[in-house]
Every structure is written in C-alpha cells, then in structure tokens.
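1. build me a model from this:
(one chain, ligands or ions: 2)
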Amino acid sequence: SAPLTILGIESSCDDTAAAVVRGVAGSATILSNIVFDQTKAHADFGGIVPEIAARAHAEKIDHAIEDALMVANVDLSEIDAIAVTAGPGLIGGVLSGVMCAKGLSAATGLPLIGVNHLAGHALTPQLTDSIAFPYLMLLVSGGHCQFLLVQDHDKYIRLGGTIDDAPGEAFDKTARILGLSQPGGPAVEHAAKDGDARAFALPRPLLGRDDCNMSFSGLKTAVLRARDDVITKYSGIPLAVRADLCASFQAAVTDVLVGKSRKALIAARAISPDVNTLAVAGGVAANGTIRQALNELCAETETIFVAPPLALCTDNAAMIAYAGLLRLTAGMTDDLTLSARPRWPL
Ligand code: KG4
Ligand code: ZN
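-> Ligands and ions are numbered 1, 2, ... in the order given. Next comes the predicted model:
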C-alpha cells in the first residue's frame, strides 16, 4: 500500500506535542517530533496544575503544529489525516488538542482520528523497532503502570497493573521526601548512583503473589518513615545516606517490575505462545537500572527486549501519529462529534 503521511497532536498531560510520521503499518519514519514541555510553568507548585496545563496547551499547540510541519518540510496538502489524543488525561489539555484537530479537519477536509494515549505508548515499539504483533508491553510512567498483551493496534489484553500509585509517581514523591528536584525519576536515579541498594530494607509489595498486579504506595510510605529515622539519628540527611535511600528505593521498584514482568511473560505466553518480545515505554522506562534489569530478565528467558529511545518513551506526538496511521489503514476514522475522554481504558 502507498505510504501515508499523518500529523499527530498530543496534549493530554504536561507536554504540548505535534509530529509528522510517514509510512505504512509496521514500517514508518518520523519526519518531525516537536515537544514543548511545561516543567517550568509548574515548577513553583510541586506538581502539575491542570488549569495552568490547559492554558499552556491552548497557547502553544498551534506553534507545535507549525513547527512539526516545517521541520518535516510538508504542508497540510500533503497530510493524509490528523490524529489527536482524545484521552485519557487531564481533560482541559485533551480538549485543547481535540478542538484544534477538529478545526484543522473542518478547514481542510482531512480525516480526523481520535487516538488513545495509552495505545500510542503501547505501539511505540512498532514505530521504532518494527516488531510484529503480538508482544508484551510494560507501560510505566508518572500516571500509568500496566502489562498489556498487544495483539493488534486495537486489541489489547491487560494482564495486570498497579492497584494504587504508578512508579513514576513514587519516584516523584521520593524525590520530594528527600528534597530532590522534580521530575523525581532522573533526580533519584542520579542520586542513587553513589548509593548502596542494600542499605535500607524497603518492601516489595505484592511481589510474592502470582498475579501481575503491583503496588507502590506502601513503598513511598516506607521511604518517608526511613527518612524520619535518618533525621532523628543524624539531625539531617547526610548526602551519603540519601544516596543509599535512593538506591534502596530504586532497587525495590526494579525488583517489583522485574519480578512481575517474569509473571507477565508467563501469562502472555499462556494466551499467545508466540510472544517473544518484552517492550517497555513510559517515562520510567528511561531509568538505566530498570532497563538493565529487564534486559537481564529477557536474556535469561530468551525474550527479545525492546526499549525505545528516551525521547519516544516519554510523551510525544509521533506515537499518536503512528497509532493514527494504523487506524487510518484499518479505515477507522472519526468525525467532528469526537469527544475528549478523561478516562479511557484500552
Ligand atoms: O511518560 P511520562 O513522560 O509522562 C506520563 O506520566 O505520562 O512519565 C513521566 C514520569 C515521571 O514520574 C518521572 O519522574 C518518570 O517518568 N521518570 C523516571 C525517569 N525519567 C522520568 N523515573 C525513573 N527514572 C528515570 N530516569
Ligand atoms: Zn504518557
């Protein structure tokens, strides 16, 4: 089939993004991938403020789209469809993207395609590494944590996931507890480099159970308690002890993710015996220790390990454009009644 050129738009969290992707199902190229992040806008608040996020998206989305078209060196007449994240996410942000995409679609007559943000993450390994369905996906970000058996672009089986916090949230809270900067993941990972991962005995919740569910909120509480003990003992947090606590926390998250990935591989193969790939996506998949440990699990279980480049692990619009390409290929387009959905399970 002829290559398709898709404009993707993403605004469901704190990144305003637009991208152009060209190709066919299973073999597509990223022509541009523009991401404006809002870290600075939220810095004073210690977290994402939905109202500020929505406003920032509305202000920047046109620029992101202009830049994406310019960098890709295509104009709208060369685009085959407009794909936009229609959920799940912060509704104000999702609405900014959906309204913008509807306007473009109405003005140009181009097909409009609503994409599930999680599908975008889950399909990224196909965009970067052209791996075939079915595969096992571990999606780990600030808001999500789940194992998905990806059978096709619109066919997912959820094998398990967190029953409370996402691991990225736990990294962010641990950073806050220990006085490190946000986003917490990179800060904790950096601090952990000099630490001893065995210094603090932190819990590995649900690890002993045979299912693929995880829990991270108890871990955060344990870090809080350990910090208070440290402060009582040293009347402060010595840098070396902070490094130990970060390393111990990171080791606990890694053990849970690896242990549950082992169980998820078994569960996935019980459904589809031909699953030979474990792919990761989401911001937490940027963590070197976690990647390394998953890589070792895969070597041991004769599984191919796929970890997209960091820029495509975190929120971006190239993944939305690619998911849109697959939907367009399957004839699945939307019309101007497309709605923005704050919650939208795969
Ligand atoms: O996928 P993402 O960019 O946004 C969504 O949550 O959808 O993920 C952001 C999360 C944050 O919680 C951040 O602290 C975490 O990913 N993160 C990391 C690392 N880099 C980002 N966590 C652990 N290690 C990292 N190197
Ligand atoms: Zn995301």
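
2. look up the pLDDT of the most centrally placed residue in the chain for me, please.
-> With distances taken as Cα atoms, centre = their mean, residue 282 lies nearest the centre of the chain, 2.4 Å away. Looking at residue 282, its pLDDT stands at 90.

3. same question for the one 4 residues further on.
-> Reported pLDDT at residue 286 in the predicted model: 92.

4. going forward, begin numbering at 486 instead of 1
-> Shifting the count to begin at 486 puts that one at residue 771.

5. find the nearest non-adjacent residue to it, please.
-> Spatially, and ignoring its direct neighbours in sequence, residue 771 is nearest to residue 795 (4.7 Å; Cβ to Cβ, 6 or more residues apart in numbering). In this view, the C-beta of every residue, glycine as well, is placed from N, C-alpha and C.

6. from residue 496, how far off is the residue nearest to the centre of the chain?
-> 17 Å (Cβ to Cβ, to the nearest Å).

7. so the residue nearest to residue 771 makes contact with residue 773?
-> No - using Cβ atoms under 8 Å, residue 795 is not in contact with residue 773, being 10.2 Å away.

8. and after the helix or strand residue 727 falls within, which helix or strand comes next?
-> Element membership for residue 727, per DSSP states H and E: helix 724-756. Note on helix 724-756: by DSSP H and E, the next helix or strand toward the C-terminus is strand 762-766.

9. list the contacts of that following strand.
-> 606-607, 609-610, 614, 616, 620-626, 746, 750, 776, 779, 782-783, 788-793, 797-798 (Cβ atoms under 8 Å, 6 or more residues apart in numbering).

10. list only buried entries from the residues you listed.
-> 606-607, 609-610, 616, 620-626, 746, 750, 776, 779, 782-783, 788, 790-793, 797-798 (16 or more other Cβ atoms under 10 Å).

11. return the subset of those lying in strands.
-> Using DSSP state E, the subset of the buried ones among the contacts of strand 762-766 located in strands is 620-625, 790-791.

12. now flag whichever of the residues you listed is closest to ligand 2.
-> Taking Cβ to the ion as the measure, ligand 2 lies nearest residue 624 of these, at 8.1 Å.

13. what's residue 676 sitting at in phi/psi?
-> phi -60, psi -30 (degrees, to the nearest 10).

14. ditto for residue 597
-> Torsion angles at residue 597 (phi, psi; degrees, to the nearest 10) stand at phi -110, psi 130.
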